[in-house]
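Participant: sharing a model prediction with you, sequence too.
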Amino acid sequence: MKKRIGIFGSTGSVGRQALEVIREQKEFFEVEVLTAHRNATMLISQAMEFKPNVVVIADKSHYNQVFDVLDPMDIKVYAGGEALDQVMEMESMDVVLMAIVGFASLSPTLAALRNKKQLALASKESLVVGGKLIRQLAVENRVPIIPVDSEHNAIFQSLMGEGNNPIEKIVLTASGGPFRGYNRKKLEMVTPADALKHPVWNMGPKVSVDSASLMNKGLEAIEAYWLFGLEIHQIQVVIHPESLIHSLVYFTDGSVKTQMSLPDMKIPVQFALSYPERLSNSLKRLDLIEQGTLHFESPDVENFRNLALAFEALEKGGNLPCILNAANEIAVQAFLKEQIGFLQIPEVVESCMGSVEFIGNPTQDDYFETDKLTRIKAGESIKKFD
């Protein structure tokens, strides 16, 4: 039987690539649910091709536009953020691909776990903010979480078959982004257009800026902490500009395992959807002779402060990763709108980390309140740069 897939965030970069995978693997997958925030035009186009049972447009102002086109096609249309949680109750979904960017992914992720849905998780922010809650729910409900981020997917694959063999450490590889090697003077001059020109990966605007600032790797370190039950000292970041080695796992006997492939998100997406099986595809293969050499270096945490701030948030725990994430989301939006400079992104984040109330053992309601307050504080901080 075909696996029935719900793609939450289908109009984003990961969601679109997931549909490319499904388009090629029609005999194995079918689309059950598609959701978007406000890109109604693309959502309609996707639904007309893949014919899901349900679509959700989170921005209610676009409901009529979507309903008028899709209702005559016998596709159910819902609107609002609460609908994202409610459709998790559908028994007809086998796998949920969570590809919603940012804090907005937290509530539907928790809803998926409460409804015991196998979760292909691409939204790292949900684990950054509510990792403890997510981990508890996954264990209680015996729900598998298959990471979609290329780095965590690589670790997951490297751990397959290892049972309880102890891990010495993991290494998260980072491309270094478009500004690798830049000093502070050069970083003062970069523009949003520069930040979006990633040398390796094809990603959405927010993730591209996070990659350029190394915040993406900081968020991934927090994600890895919760996914794999590690100690903080067991997580290391290494710059690897070719992005062919997607992460490494060191074992206590000195062995090191990794997963390598060309930098194409469709590879980890397909693996997460088809797990535990592997499906053949037409994607280009890695040729090591053609590649020739690989390079590695330490990250520059002085000029790229976000990575150090993420590890500080992970070390202190509580709601501090939530503060980090919310402040960064607002700062990145401001940078993309040219309201602040690139180097002011970590300044906004650090300011919020020092001013928003710290809660050591937050509840789900605390996370939502922290997120709201942090966004207000971040907005106030950004106004000071005008």
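Facilitator: Nice, I can see it. Because the structure is a prediction, the values reported are computed rather than measured.

Participant: okay, CA-based contacts and neighbour counts for the rest of this
Facilitator: Fine.

Participant: could you pull out the helices for the stretch 251-386 of the chain?
Facilitator: Along the stretch 251-386 of the chain, counting by DSSP state H, counting those that start in this stretch, helices occupy 266-274, 288-291, 305-316, 320-336, 344-355, 364-383.

Participant: just these: most buried one?
Facilitator: helix 320-336 (a mean of 25; mean count of other Cα atoms under 10 Å).

Participant: okay, the angle between that one and helix 364-383?
Facilitator: 40 degrees (axes from the mean of the first three to the mean of the last three Cα atoms, to 10 degrees).

Participant: report the rounded mean pLDDT for helix 320-336.
Facilitator: The average pLDDT within helix 320-336 is 96.

Participant: got the angle for that helix vs helix 344-355?
Facilitator: 150 degrees.

Participant: residues in contact with helix 320-336?
Facilitator: 102-103, 125, 128-130, 192, 206, 209-210, 309-310, 313-314, 340-342, 344-346, 348-350, 352-353, 356, 358-359, 367, 370-371, 374-375, 377-379, 382 (Cα atoms under 8 Å, 6 or more residues apart in numbering).

Participant: try it again with 6 Å
Facilitator: 129, 192, 313, 340-341, 345, 349, 371, 374-375, 378 (Cα atoms under 6 Å, 6 or more residues apart in numbering).

Participant: picking that back up, which of the helices of the stretch 251-386 of the chain sits closest to Pro241?
Facilitator: Pro241 lies closest, by Cα to Cα, to one member of those: helix 288-291, at 12.4 Å.

Participant: quick one, phi psi at Met203?
Facilitator: Dihedral pair for Met203: phi -130, psi 170, per degrees, to the nearest 10.

Participant: so is the nearest residue to Arg142 once chain neighbours are set aside in a helix, a strand, or just coil?
Facilitator: Nearest residue to Arg142, sequence neighbours excluded (Cα to Cα, 6 or more residues apart in numbering): Lys116, at 7.5 Å. With DSSP: H, G, I helix; E, B strand; the rest coil as the basis, Lys116 sits in coil.

Participant: what about Lys116, neighbour count?
Facilitator: 21 (other Cα atoms under 10 Å).

Participant: pLDDT score for it?
Facilitator: What the model reports for Lys116 is a pLDDT of 96.

Participant: chain center to stretch 26-33: distance?
Facilitator: The chain centre lies 22 Å from the centre of stretch 26-33; the measure is Cα atoms, centre = their mean, to the nearest Å.

Participant: domain ranges for this structure?
Facilitator: 3-147, 150-262+296-316, 317-386 (automatic domain parsing).

Participant: closest to Ser282 out of these?
Facilitator: Using Cα to Cα, the nearest of the domains of the chain to Ser282 is domain 3-147, at 8.6 Å.

Participant: show me where the stretch 251-386 of the chain dips below the pLDDT cut-off.
Facilitator: 386 (pLDDT under 70).

Participant: show me what stretch 201-218 is in contact with.
Facilitator: With Cα under 6 Å, 6+ apart, stretch 201-218 has contacts from 13, 177-178, 195-196, 304, 306-307, 310.

Participant: picking up where we left off before, which single one of the contacts of helix 320-336 is nearest to Gln270?
Facilitator: Closest approach to Gln270 among the contacts of helix 320-336 (Cα to Cα): Val129, at 25.8 Å.

Participant: tell me which element that closest one falls in.
Facilitator: In the assignment (DSSP states H and E), Val129 maps to helix 124-140.

Participant: give the other helices and strands that that helix contacts.
Facilitator: Packed against helix 124-140, as judged by 3 or more Cα pairs under 6 Å, 6 or more residues apart in numbering; DSSP states H and E, are the following elements: helix 215-228.

Participant: and the helix it packs on, how far out from the chain middle?
Facilitator: For helix 215-228 - counting by Cα atoms, centre = their mean - the centre lies 10 Å from the chain centre.

Participant: alpha carbons of it, as PDB, please.
Facilitator: What follows is helix 215-228, C-alpha atoms only, in PDB (Å, rounded to 0.1, in the frame of the first residue of the first chain):
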ATOM      1  CA  MET A 215      22.700  30.500  13.600                       C
ATOM      2  CA  ASN A 216      21.400  27.500  11.600                       C
ATOM      3  CA  LYS A 217      24.300  25.400  12.900                       C
ATOM      4  CA  GLY A 218      23.600  26.600  16.400                       C
ATOM      5  CA  LEU A 219      19.900  25.600  16.100                       C
ATOM      6  CA  GLU A 220      21.000  22.200  14.700                       C
ATOM      7  CA  ALA A 221      23.300  21.700  17.800                       C
ATOM      8  CA  ILE A 222      20.300  22.200  20.000                       C
ATOM      9  CA  GLU A 223      18.200  19.900  17.800                       C
ATOM     10  CA  ALA A 224      20.900  17.200  17.900                       C
ATOM     11  CA  TYR A 225      21.000  17.400  21.700                       C
ATOM     12  CA  TRP A 226      17.300  16.500  22.000                       C
ATOM     13  CA  LEU A 227      17.200  14.000  19.100                       C
ATOM     14  CA  PHE A 228      20.100  11.900  20.100                       C
END
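
Participant: report the mean confidence score over that helix.
Facilitator: For helix 215-228, mean pLDDT is 95.

Participant: for the next helix or strand after that helix, buried residues please.
Facilitator: Later in the chain than helix 215-228, the nearest helix or strand by DSSP H and E is strand 235-239. For strand 235-239, burial by neighbour count (16 or more other Cα atoms under 10 Å) applies to 235, 237-239.

Participant: and what of stretch 38-57?
Facilitator: Those would be 38-40, 43-44, 46-47, 50-57, for stretch 38-57 by 16+ other Cα under 10 Å.

Participant: quick one: end-to-end distance for it.
Facilitator: 6 Å (Cα to Cα, to the nearest Å).

Participant: leaving out sequence neighbours, find the closest residue to Leu227.
Facilitator: Leu227's closest residue in space is Arg135 (Cα to Cα, 6+ apart), at 7.4 Å.

Participant: strands of the stretch 1-150 of the chain, residue ranges please.
Facilitator: 3-8, 29-36, 54-57, 76-79, 95-98, 118-121, 145-147 (DSSP state E, counting those that start in this stretch).
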